[in-house]
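Student: sequence and predicted structure below; questions after.
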Amino acid sequence: FVPTENISCSCGELRQTREHILCKCPLFTRQCIHLREVSRHLISSEIMGTERGNIALVIFLEEFDAFKKRGWRNDEEDIEGIIEE
């Protein structure tokens, strides 16, 4: 949590929380397929409480880059530039 950063979600929700992204955000509906295979009703404790759930969560995050900091560019050129500095 960084007080100076916007905490709203791109979908219009006022607070972009873990629960919102994993279970309620309409922007992540397609990626939630992986999570629903573990927890039909997208219950956080079921998803994060098992090895299978953790694997599904990693796939979810990789597909949509859900928790990346806004404004952070991660292409190879930018990473190389940061390393060289």
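Tutor: Thanks, I have it. Numbering: from 1, shown residues only.

Student: from now on I want contacts and neighbour counts done on CA atoms only, so please keep to that.
Tutor: Fine.

Student: by contact count, what packs against the longest helix seen in the chain?
Tutor: Using DSSP state H to define each element, the chain has its longest helix at helix 51-64. Packed against helix 51-64, as judged by 3 or more C-alpha pairs under 8 Å, 6 or more residues apart in numbering; DSSP states H and E, are the following elements: helix 32-36, helix 44-48.

Student: list the buried residues in that helix.
Tutor: By 16 or more other C-alpha atoms under 10 Å, the buried positions in helix 51-64 come out as 53-57, 59-61.

Student: re the thing from before, looking at the helices and strands packed on helix 51-64, which is nearest to His20?
Tutor: Judged by C-alpha to C-alpha, the one of those that comes nearest to His20 is helix 44-48, at 10.4 Å.

Student: what residues sit buried inside that closest one?
Tutor: Going by neighbour count (16+ other C-alpha under 10 Å), the buried part of helix 44-48 is 46-48.

Student: can you check stretch 13-28 too?
Tutor: Buried, per 16+ other C-alpha under 10 Å, within stretch 13-28: 16, 21-23, 25, 28.

Student: how about low-confidence regions in this structure?
Tutor: 1-3, 65-85 (pLDDT under 70).

Student: if you set the cut-off to 90 instead, what comes out?
Tutor: 1-11, 15-25, 27-34, 42-50, 57-58, 60-85 (pLDDT under 90).

Student: nearest to Ser8, of the buried residues of helix 51-64?
Tutor: Set against Ser8, the nearest of these by C-alpha to C-alpha is Leu61 (18.5 Å).

Student: just the terminal-to-terminal distance for stretch 44-53.
Tutor: 9 Å (C-alpha to C-alpha, to the nearest Å).

Student: ok now that stretch, how far from the chain's centre?
Tutor: 15 Å (C-alpha atoms, centre = their mean, to the nearest Å).

Student: now stretch 42-50
Tutor: 14 Å.

Student: let's have the buried residues of helix 44-48 in CSV, adding distance to Cys11.
Tutor: As requested, the buried residues of helix 44-48 are exported to CSV (distance: C-alpha to C-alpha, whole Å):
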residue, distance to Cys11
Glu46, 25
Ile47, 23
Met48, 24
